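In: here are the coordinates; sequence isn't available:
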């Protein structure tokens, strides 16, 4: 299945190259997306596209929608949230008087998200027409729905309002068709990233230097939601601390995020206490040292990827899609240890990553012990992943595909609701 998705990715890239719009005159594109208080992969992916398209001459206008802050307190938190939604909806009324523009809606996949996102989506459908309406799907919760379910029917109703629906891989595309979305409206648009691409020589040199020094550097970087695998990462490091082998310098990077898919901790305080206790136990060992970086952006984030030999994401997140951090690790020349959750197998294969047999502490500790012990293995995996990124997932290719999608209505005639 990953091979099919890989081929489809190549096809999308080829289309983007062949059918790039001839004119540099660009219309306005509105991007509607959930705007949470902290980091969001969906938001980051949307901002990446907006920034890139602006540099190519497109007029991109954000239409952010609030996301309820689960960490918020106070009796009026819900009232403030609902008011913010009403204000955001009012800004979307401009879609009724923006002929010639296009709208891209990053559709959420819960019933509250359907309600929140349906208003701008329907306003766009009425004001711009179906052909100028694009829905992007960044999660994978819909993969659990069948056509007859309530969620499946609501989802299908909204998707059929769009001329194009983008997904992250071939499995998602096939499932949309099974839900009743016409195949000619579905496009696979694989994620990319803006992190500076390391050269092949730099990747080779990084792992050669790793062979010359007695320390291997491991990195976990993601939102700290327990189903993303950070507890298993710390527990695996503690197990390695008791085993003989090369020394490990590890980084846990991310902020604690209250989430409905958290399973191990009841709140951020209990999670933070557990992390501190686990790190203290690890750091008492001679072999393994770990530090916690509570969020990183810009050069700090880039430096973490550049210095890391191994990137670890043992995710079992129920709605995992295609984590941007894996693409960033590929671009930076890291050896990857991850899982087959969501559309991860679309961007990685057995030659470019170690896939855990299960996202457990035991499986991760065993895989890390093997990969930490072998410089040759790390270099082979890193170079294979880096090569895949260079050939298929660079930002320019990603933007080519988006330009082709957005220019399609201009090449066609008419098309109303």
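Out: Structure received. Because the structure is predicted, anything quoted here is derived from the model rather than measured. Residues are numbered from 1 along each chain as shown.

In: could you measure the residue most central in space within the chain against residue 81, distance?
Out: What sits nearest the mean C-alpha location of the chain, by C-alpha atoms, centre = their mean, is residue 323, with 3.3 Å. Separation of residue 323 from residue 81 (C-beta to C-beta, to the nearest Å): 27 Å. Yep, even glycine has a C-beta here, placed from its N, CA and C like the rest.

In: What residues sit buried inside stretch 246-262?
Out: 246, 248-254, 256-259, 262 (16 or more other C-beta atoms under 10 Å).

In: And that stretch, how far out from the chain middle?
Out: 16 Å (C-alpha atoms, centre = their mean, to the nearest Å).

In: what do you get for stretch 103-117?
Out: Worked out by C-alpha atoms, centre = their mean, stretch 103-117 lies 17 Å from the chain centre.

In: hmm, who's touching it?
Out: Stretch 103-117 has contacts (C-beta atoms under 8 Å, 6 or more residues apart in numbering) with 29-34, 42, 46, 65, 68, 85, 95, 120-121, 124, 128, 132-139, 141-142, 151, 154-155, 158-159, 162, 319.

In: how is this structure carved up into domains?
Out: 2-192+394-411, 200-393 (automatic domain parsing).

In: mean confidence for the shortest one?
Out: For domain 200-393, the mean pLDDT works out to 94.

In: related to what we said a few turns ago, sort out which of the buried residues of stretch 246-262 are in strands and list them.
Out: Cross-referencing those against strands under DSSP state E gives 248, 249, 250, 251, 252, 253.

In: what bridges to the fifth one?
Out: When you say that, I think you mean residue 252. residue 220, residue 292 (DSSP bridges).

In: packing partners for the helix or strand hosting residue 388?
Out: Using DSSP states H and E, residue 388 sits in helix 375-388. Contact here means 3 or more C-beta pairs under 8 Å, 6 or more residues apart in numbering; DSSP states H and E; on that basis helix 375-388 packs against helix 200-212, helix 324-332, strand 335-338, helix 361-373.

In: can you map out the strands along the stretch 151-300 of the chain?
Out: 164-167, 186-188, 215-221, 247-253, 288-293 (DSSP state E, counting those that start in this stretch).

In: Among those, which comes closest to residue 333?
Out: strand 215-221 (12.1 Å; C-beta to C-beta).

In: Hey, what's the angle from that closest one to strand 247-253? Just curious.
Out: Computed by axes from the mean of the first three to the mean of the last three C-alpha atoms, to 10 degrees, the angle separating strand 215-221 from strand 247-253 equals 20 degrees.

In: Isn't residue 85 up against residue 66?
Out: Yes - if you go by C-beta atoms under 8 Å, residue 85 and residue 66 touch, sitting 5.8 Å apart.

In: circling back: want to try TSV for the helices and strands packed on helix 375-388, with mean neighbour count and distance to residue 176 as columns?
Out: Converted to TSV, the helices and strands packed on helix 375-388 look like this (neighbours: other C-beta atoms under 10 Å; distance: least, C-beta to C-beta, whole Å):
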stretch	mean neighbour count	distance to residue 176
helix 200-212	14	36
helix 324-332	26	22
strand 335-338	27	25
helix 361-373	19	32
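
In: Distance to residue 380 added to these, as CSV?
Out: What follows is these, written out as CSV (distance: least, C-beta to C-beta, whole Å):
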stretch, distance to residue 380
helix 200-212, 9
helix 324-332, 14
strand 335-338, 8
helix 361-373, 10
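
In: List just the one of these that sits closest to residue 192.
Out: Going by C-beta to C-beta, the one of the helices and strands packed on helix 375-388 nearest residue 192 is helix 324-332, 6.3 Å.

In: residue ranges with poor pLDDT in the stretch 51-200 of the chain?
Out: 69-75 (pLDDT under 70).

In: got the residue ranges for the helices in it?
Out: Under the criterion DSSP state H, counting those that start in this stretch, the stretch 51-200 of the chain contains helices at 77-91, 111-128, 150-159, 170-179, 200-212.
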